[in-house]
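**Student:** this one's sequence-less:
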Ligand SMILES: Nc1ncnc2c1ncn2[C@@H]1O[C@H](COP(=O)(O)OP(=O)(O)O)[C@@H](O)[C@H]1O
Ligand SMILES: O=C(OP(=O)(O)O)[C@H](O)COP(=O)(O)O
């Protein structure tokens with residue numbers, strides 16, 4: 001067992017929201033087509049729709065929903081009008097939408113909402129305070145919180161995927177309103193408990209994708225807290241560790257790693273290896289060379305690395321098959337091109353077929369899941385970084401704020 005403790009967080013069973021005015025923070029931040037502004041994958045919206053329905057049917061609150069979408073300045077920073085349409089479609093309720101967050105139009109719509117009705121506010125990051133990180137105390141004094149909190153009887157946080165952000169809509173409200181974690185948040189925590197509080201091993205982490213800097217922070221925590229028996233690397237993370245071990249990847253791949261700002265991370269990766277981290281790296285890759293695909297061993301790499309190779313898939317799958325706990329985050333290859341999905345698809349298959357408890361996080365990897373193969377041993381988390389930061393031992397601001405709230409309002 002690890003020495004990590006999950007704080008006791010209040011749930012909907014501990015606060016009264018029956019026919020009350022409730023502000024529920026959700027995370028329906030989804031991938032957006034940068035050219036058309038259309039939603040590319042609505043999994044988070046579908047998952048939240050279930051719990052929204054549950055809450056409305058059980059407690060009949062006047063339910064106001066809030067979420068962010070993207071970050072200001074990015075192509076996926078858009079209004080939530082389309083999200084409201086999808087929420088209506090998946091919940092079967094008319095989810096009203098207001099193109100305002102804290103202004104008079106939003107406040108009027110909130111005040112007019114009746115028990116059993118649902119209203120979605122516009123992108124919370126339209127309010128500049130929402131992108132600033134600060135302590136719960138500071139966030140509770142923001143205009144955001146001071147304008148909205150008086151209109152509500154309670155606050156519910158169901159946005160597990162944003163639990164690592166210390167922003168007003170996550171940590172400010174719990175200090176001024178009776179608050180609880182929502183059903184989805186609770187379900188995510190239960191799945192995490194299974195990993196954090198279990199004695200089971202081997203514990204295998206399969207880490208890939210492109211967010212290499214974030215993953216190094218996670219790996220450092222995993223090593224410090226002795227959380228992982230093996231870390232199977234794929235994606236760009238694998239390439240970094242191979243370079244750190246002194247293995248040549250060829251000019252093209254080195255140039256790509258440089259463009260992505262990954263080369264300066266080599267000393268940190270070397271240090272992680274020196275610490276004795278149980279890092280495994282691929283022994284072969286699928287590369288793209290002159291428009292053709294080829295499986296090549298390390299040591300003979302020529303062309304652009306696009307996926308892990310067949311031998312690596314076989315060896316990694318064996319590790320996954322024998323594991324008791326498997327945590328997966330980030331795809332193994334360039335899944336946008338169907339020629340390079342094999343690594344990701346086959347490692348996921350090994351996970352479906354293993355007897356391990358499997359936790360899958362992150363948008364790209366979740367979009368590759370075959371939903372017909374899921375069972376009670378597999379938890380597909382809505383979180384990416386929130387999930388890994390938590391598992392690697394960091395305190396999530398959302399949990400801290402809910403804990404503080406319980407002390408203020410429930411004891
Ligand atoms: N070898 C590789 N070279 C370039 N990109 C890669 C490689 N392997 C994986 N990727 C890319 O990783 C991206 C997803 O990574 P990331 O954003 O970290 O995942 P998540 O959405 O789960 O957080 C995909 O766009 C995929 O093309
Ligand atoms: O998608 C999210 O996180 P993820 O990239 O870790 O899955 C959350 O919505 C948090 O978004 P943010 O990283 O813009 O604060």
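**Tutor:** Done, it's in. What you are looking at is a predicted structure, and each value in this text was computed from that prediction instead of being measured. Ligands and ions are numbered 1, 2, ... in the order given.
**Student:** Looking at this structure, which residue is nearest ligand 2?
**Tutor:** Using C-beta to the nearest ligand atom, the closest approach of the chain to ligand 2 is made by residue 384 at 2.7 Å. (Glycine included, C-beta is placed from N, CA and C.)
**Student:** measure that residue to residue 235 for me?
**Tutor:** 13 Å (C-beta to C-beta, to the nearest Å).
**Student:** who's more crowded, these two?
**Tutor:** Shown here are residue 384 and residue 235; by other C-beta atoms under 10 Å, residue 235 has more neighbours (30 against 21).
**Student:** For the more buried one, give me its contacts.
**Tutor:** Counting by C-beta atoms under 8 Å, 6 or more residues apart in numbering, residue 235 makes contact with 207, 208, 209, 210, 330, 331, 332, 333.
**Student:** can you rerun that using 10 Å?
**Tutor:** Residue 235 sits next to 206-212, 215, 282, 305, 307-308, 329-335, 343-344, 364-365 when contact means C-beta atoms under 10 Å, 6 or more residues apart in numbering.
**Student:** ok, which of those also contact ligand 1?
**Tutor:** Contacts with ligand 1 are made by 208, 209, 210, 211, 305, 330, 331, 333, 334, 335, 364, 365 out of these, judged by C-beta under 6 Å from any ligand atom.
**Student:** quick one, helices of the stretch 101-250 of the chain?
**Tutor:** 104-112, 136-139, 143-148, 183-196, 212-224, 235-244 (DSSP state H, counting those that start in this stretch).
**Student:** Quick one: list the elements packing against the second one.
**Tutor:** Spelled out, that is helix 136-139. helix 397-409 (3 or more C-beta pairs under 10 Å, 6 or more residues apart in numbering; DSSP states H and E).
**Student:** can you rerun that using 6 Å?
**Tutor:** Taking 3 or more C-beta pairs under 6 Å, 6 or more residues apart in numbering; DSSP states H and E as contact, there are no helices or strands that helix 136-139 lies on.
**Student:** Give me the contact list for that helix.
**Tutor:** Defining contact as C-beta atoms under 6 Å, 6 or more residues apart in numbering, one finds that helix 136-139 is touched by 168, 171, 172, 175, 401.
**Student:** Show me what residue of the stretch 101-250 of the chain gets nearest to ligand 1.
**Tutor:** Nearest residue of the stretch 101-250 of the chain to ligand 1, counting by C-beta to the nearest ligand atom: residue 209, 2.6 Å away.
**Student:** related to what we said a few turns ago, could you look over the helices of the stretch 101-250 of the chain and pick the most buried one?
**Tutor:** Neighbour counts (mean count of other C-beta atoms under 10 Å) averaged over each of those peak at helix 235-244, with a mean of 24.
**Student:** Following that one in sequence, what is the next regular element?
**Tutor:** As assigned by DSSP states H and E, the chain's next helix or strand after helix 235-244 is helix 251-259.
**Student:** quick one: average pLDDT of the following helix or strand past that following helix?
**Tutor:** The helix or strand immediately downstream of helix 251-259 is helix 266-274, counting by DSSP H and E. For helix 266-274, mean pLDDT rounds to 97.
**Student:** Could you list every helix and strand that helix 266-274 packs against?
**Tutor:** Judged by 3+ C-beta pairs under 6 Å, 6+ apart, the packing partners of helix 266-274 are helix 235-244.
**Student:** now the helix it packs on against helix 251-259, angle please.
**Tutor:** 110 degrees (axes from the mean of the first three to the mean of the last three C-alpha atoms, to 10 degrees).
**Student:** what's the distance between helix 235-244 and the middle of its chain?
**Tutor:** How far helix 235-244 lies from its chain's middle: 22 Å, per C-alpha atoms, centre = their mean, to the nearest Å.
**Student:** Check which helix or strand residue 328 maps to.
**Tutor:** Element membership for residue 328 (DSSP H and E) is strand 325-329.
**Student:** Could I get the pLDDT score of the residue lying closest to residue 403 once chain neighbours are set aside?
**Tutor:** The shortest distance from residue 403 to any non-neighbouring residue, by C-beta to C-beta, 6 or more residues apart in numbering, is to residue 7 (4.5 Å). We have a pLDDT of 77 for residue 7.
**Student:** Also the one 5 residues further on?
**Tutor:** Reading off the per-residue confidence, residue 12 sits at a pLDDT of 97.
**Student:** Kindly tell me how buried the nearest residue to it once chain neighbours are set aside is, as a neighbour count.
**Tutor:** Distances taken as C-beta to C-beta, 6+ apart put residue 180 closest to residue 12, at 5.2 Å, once the chain neighbours are dropped. Number of residues near residue 180 (other C-beta under 10 Å) recorded here: 28.
**Student:** likewise residue 333?
**Tutor:** By the criterion of other C-beta under 10 Å, residue 333 has 24 neighbours.
**Student:** which residues sit in contact with it?
**Tutor:** Contact partners of residue 333, counting by C-beta under 6 Å, 6+ apart, are 306, 307, 340, 343, 344.
**Student:** on that earlier part again, would you confirm that the residue nearest to residue 403 contacts residue 404?
**Tutor:** No - between residue 7 and residue 404 there is no contact under C-beta atoms under 6 Å: 9.7 Å.
**Student:** Do a quick rundown of the helices in the stretch 251-400 of the chain.
**Tutor:** Here the stretch 251-400 of the chain has its helices, by DSSP H, counting those that start in this stretch, at 251-259, 266-274, 310-321, 342-353, 363-366, 385-391, 397-409.
**Student:** Is there proximity between the helix or strand of the chain with the lowest mean pLDDT and ligand 2?
**Tutor:** Taking mean pLDDT, DSSP states H and E as the measure, the chain has helix 363-366 as its least confident helix or strand, at a mean of 88. Yes - counting by C-beta under 6 Å from any ligand atom, ligand 2 is contacted by helix 363-366 at residue 363.
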